[in-house]
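Asker: Here is my input, please return the structure:
(one chain, ligands or ions: 1)
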Amino acid sequence: MFFGEETFKREILSKIPPRDEPPLPPDWLQLEMLERFRVLQQATLRSGMNVLEIGCGAHALTTVPLAYLVGETGRVVAVDKSRWRFFEEIISSAGMKPRIFPLKLNARELPFPFKTFDLAVLVHGIRSMKSENTMIKVISEMLRVADRIFIAESLPVAENERQKAHLELYNLREEIFEALFGEKDDLHYPTLEKLQELVEKAGGRVIKSGTFEPKLPHYLAYIPREYVEKIKDEEKRAKLLGQWDRAYEKWKKGAEHPPVGWILVKER
Ligand SMILES: C[S@@+](CC[C@H](N)C(=O)[O-])C[C@H]1O[C@@H](n2cnc3c(N)ncnc32)[C@H](O)[C@@H]1O
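Answerer: Next up is the predicted model:
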């Protein structure tokens, strides 16, 4: 099967060099891309589609499987407001660069005058949108420029100890970022009901939604202890270091992706 998982691993993931970022394993990026590949199976992608991706991030984790799934005649316009550090190197080594058009901008205002895309996607990105106001604004922009939109995000739910270990370390990130930079990032995961509420406030109508288990290890809750040590507020630093130490002990025994919630939406 051309678009199957085994072919994706062989033709794409195997071309991307391993990474040297301990304590993360060398294949963390491949495992994360595989998770995005599985998430995108719910997005009803077809060959030749013209897709907009919001919040592609520095590692093109969703962008590469998206570009693979739309095939040689499809294209992906990948938007991010700031993080591009490894993007070009990764899409080039994966052989997907000719299908991907990067755009550096804030998705609160998209520079397309009418419905230009078959689909707009936001995968594991709503957590970075800082406020509910921005989330609603971005979703309404996605609805304005695409026939349908697909949003997927991890859920605040743990079905086993490994998922619990992920959530415990991940849930420290919001407070650590706020203490370090005065601004929250990696907000706690929303419930599926919350995602639906945001979409409705943005003028969308849910066509289909669901949850699924990626069944893959997950390393991206990790944040180095040295970051936490830099927090200036003494009381906050001591509290967060204690929480980090306890969460890291569990995380290093193995963490897994929590269930993912997804929704497919049209403009009302
Ligand atoms: C968690 S990261 C990467 C998610 C990526 N899609 C994945 O699969 O892992 C989310 C990204 O959204 C970007 N972002 C947040 N708010 C944004 C906005 N208003 N406009 C454009 N990009 C935004 C951030 O810069 C960040 O790179």
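
Asker: Could you use CA atoms for every contact and neighbour count after this?
Answerer: Noted.

Asker: State the phi and psi torsions of Met33.
Answerer: phi -60, psi -40 (degrees, to the nearest 10).

Asker: Surely it and Leu61 touch.
Answerer: Yes. Shown here, Met33 and Leu61 form a contact pair, counting by C-alpha atoms under 8 Å, at 5.0 Å.

Asker: Overlap of the contact sets of those two?
Answerer: Shared contacts of Met33 and Leu61 (C-alpha atoms under 8 Å, 6 or more residues apart in numbering): none.

Asker: hang on, Leu122 is in a helix, isn't it?
Answerer: No. Under DSSP: H, G, I helix; E, B strand; the rest coil, Leu122 falls outside any helix and is assigned strand.

Asker: could we number from 58 for the rest of this?
Answerer: OK, 58 is where the count begins now, so the last one is Leu179.

Asker: correct me, but it touches Gly112?
Answerer: Yes. Here Leu179 reaches Gly112: they are 6.7 Å apart, a contact under C-alpha under 8 Å.

Asker: Which one's more surrounded, the two?
Answerer: Between Leu179 and Gly112, counting by other C-alpha atoms under 10 Å, Gly112 is the more crowded of the two (27 against 21).

Asker: In contact with that one, which residues?
Answerer: 135-138, 179-180, 182.

Asker: so where is the stretch 58-207 of the chain shaky, pLDDT-wise?
Answerer: By pLDDT under 70, the low-scoring segments of the stretch 58-207 of the chain are 58-59.

Asker: near the ligand, which residues of it show up?
Answerer: 112-114, 118-119, 136-140, 162-165, 180-182, 185-186 (C-alpha under 6 Å from any ligand atom).

Asker: Which members of those are classed as buried?
Answerer: Buried by 16 or more other C-alpha atoms under 10 Å: 112-114, 118-119, 136-137, 162, 164-165, 180-182, 185-186, out of these.

Asker: Out of these, which two are the most distant from each other?
Answerer: Largest separation among these by C-alpha to C-alpha: Leu118 and Arg165, giving 21.6 Å.

Asker: any idea of the mean pLDDT for the helix or strand hosting Gln253?
Answerer: Following DSSP states H and E, one finds Gln253 within helix 249-258. The pLDDT scores in helix 249-258 average 98.

Asker: what does it contact?
Answerer: By C-alpha under 8 Å, 6+ apart, helix 249-258 touches 189, 192-193, 196-197, 212, 262-263, 318-320, 322.

Asker: and the helix or strand just after that helix, which residues are buried?
Answerer: Counting by DSSP H and E, the next helix or strand C-terminal to helix 249-258 is strand 261-269. Using 16+ other C-alpha under 10 Å as the test for burial, strand 261-269 gives 261-263, 266, 268.

Asker: which of the contacts of helix 249-258 are buried?
Answerer: Here, 16+ other C-alpha under 10 Å leaves 192-193, 196-197, 212, 262-263, 318-320, 322 buried among those.

Asker: Please report how far Phe143 lies from Asp243.
Answerer: Per C-alpha to C-alpha, to the nearest Å, Phe143 is found 20 Å from Asp243.
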